[in-house]
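Chemist: My questions are about this predicted structure, shown below with the sequence.
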Amino acid sequence: MLLVEDNDDLAETIVERFKSEGHAIDREALGEEACDLLRHKEFDLVVLDINLPDRSGFDVLRTIRQRNDATPVLILSARSEVDDRLIGLDAGADDYLTKPFDFRELSARCRVLARRQAGDATNQFKAGNFVFDRLAKTASIDGVDCALRNREVQLLEVFLGNLGRVLTKEDLADKIYTFEEVPSLNAVEQMVTRLRRKTDGSAFQIKTVRGLGYIAHVTE
């Protein structure tokens, strides 16, 4: 997740709250830096302020969409007029939330966008005897909790959002680590091993593609 917000106090609060929910989140304070970053790095979701110091968030959004970047974007702004909402939505925003806001609503709206991107109608992903609850951050097999750690939940979400697609260790590290962290490919491999062990016997399966990485799929 990428947060584009110039207010340091607010940005710190949002980052800490999302991290406490088990999300990897990076932050940029300037629109130009956000545009450059999105040109080279793929994110699952962008939370975008409008009143940025260097350029309007609307302009940032238009730049993203002109590159055919379909990353879900939620505008988070103090500008609450109907015209502002219309400008944002017409520019390509997927949602618009005004400040001040309740963090629970922000979190819920982000989950909705993540579900929509994954093609799911609810917070629960079900396949055979396997159930993953995005809200509770829990996975179970035949009703028995898999006892996943935060990183394992993040990893599971990445795999579920990319079923049938080969993901390299670098792809996975890019998704679950922030810029402030130093990703270890060995740690990623160990994490995949633990997730595979904890979900063994379920309809969710991770296979190793020799020389390339991993691919996840589900069986009914």
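Modeler: Yep, it's here. All values reported here derive from a predicted model rather than from experimental measurement.

Chemist: Would you mind measuring the gap between the ends of stretch 23-31?
Modeler: 22 Å (CA to CA, to the nearest Å).

Chemist: If you count neighbours, what's buried in the one helix or strand F125 maps to?
Modeler: In this structure, F125 sits in strand 124-127 according to DSSP states H and E. Within strand 124-127, the residues that qualify as buried are 125, 127, counting by 16 or more other CB atoms under 10 Å. Any C-beta I mention is one placed from the backbone N, CA and C, and that applies to glycine too.

Chemist: again, but for stretch 196-204
Modeler: Buried residues in stretch 196-204 (16+ other CB under 10 Å): 196, 198-199, 202-204.

Chemist: Now that stretch: average pLDDT?
Modeler: Taken as a whole, stretch 196-204 has an average pLDDT of 95.

Chemist: quick one on the thing from earlier: quick check, nearest of the buried residues of stretch 196-204 to I50?
Modeler: Nearest to I50 among the buried residues of stretch 196-204: F204, at 39.3 Å, using CB to CB.

Chemist: Wait, that closest one touches A127, no?
Modeler: Yes: counting by CB atoms under 8 Å, A127 is a contact partner of F204 at 6.2 Å.

Chemist: anything in contact with each of those two?
Modeler: V218 (CB atoms under 8 Å, 6 or more residues apart in numbering).

Chemist: Could you point out the longest helix of this structure?
Modeler: Taking DSSP state H as the criterion, the chain has its longest helix at helix 103-118.

Chemist: Mind giving me the packing neighbours of that helix?
Modeler: helix 8-20, strand 73-77, strand 95-98 (3 or more CB pairs under 8 Å, 6 or more residues apart in numbering; DSSP states H and E).
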